[in-house]
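**Student:** only geometry, no sequence info:
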């Protein structure tokens, strides 16, 4: 087993642990932070998988996923913030 495969398995394990925080998070901000952690782990997973397989189009997918994840986090944070002000 190569180092990259070990890192991929570790990232998958850490994503599962982060998903527990989504379920058990005491507030919305903890859940949002856990969602952001899982998103970044998925981006790292895609990037390392592209390195392992040599398929460069996966890097484009990782860039698009990171932009969509960032925009999603910002939108959810704004919605939550507006909901608390009313």
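**Tutor:** Looks like it arrived, so ask away. A quick note: this is a predicted structure, and the numbers were derived from the prediction, not measured.
**Student:** And the pLDDT for residue 68?
**Tutor:** Residue 68 carries a pLDDT value of 94.
**Student:** Oh, that last question was meant for residue 24, not what I typed.
**Tutor:** In this model, residue 24 carries a pLDDT of 89.
**Student:** all strands for the chain, in order.
**Tutor:** Assigned by DSSP state E, the strands in the chain number zero.
**Student:** Run through the residues that contact residue 48.
**Tutor:** 4, 7-8, 11 (CB atoms under 8 Å, 6 or more residues apart in numbering). All C-beta spots, glycine's among them, are computed from the backbone N, C-alpha and C.
**Student:** in this protein, which segments are predicted with low confidence?
**Tutor:** For the chain, the stretches with pLDDT under 70 are 85-86.
**Student:** mind listing what's buried in the longest helix along it?
**Tutor:** As assigned by DSSP state H, the longest helix anywhere in the chain is helix 57-85. Under the neighbour-count criterion of 16 or more other CB atoms under 10 Å, helix 57-85 has 58, 62, 66, 69 buried.
**Student:** And those residues, which is closest to residue 26?
**Tutor:** When the buried residues of helix 57-85 are compared for distance to residue 26 (CB to CB), residue 69 wins out at 23.0 Å.
**Student:** if we can go back for a sec, just how off-centre is the longest helix of the chain within its chain?
**Tutor:** 10 Å (CA atoms, centre = their mean, to the nearest Å).
**Student:** Which secondary structure elements does it sit against?
**Tutor:** helix 28-53 (3 or more CB pairs under 8 Å, 6 or more residues apart in numbering; DSSP states H and E).
**Student:** Identify each buried residue in the helix it packs on, please.
**Tutor:** In helix 28-53, counting by 16+ other CB under 10 Å, buried: 31-39, 41-50.
**Student:** Excluding sequence neighbours, find me the nearest residue to the residue most central in space within the chain.
**Tutor:** The geometric centre of the chain, computed from its C-alpha atoms, lies nearest to residue 39 (CA atoms, centre = their mean), at 1.0 Å. Leaving out its chain neighbours, the residue that sits closest to residue 39 by CB to CB, 6 or more residues apart in numbering is residue 69, at 4.0 Å.
**Student:** Good, wrapping up.
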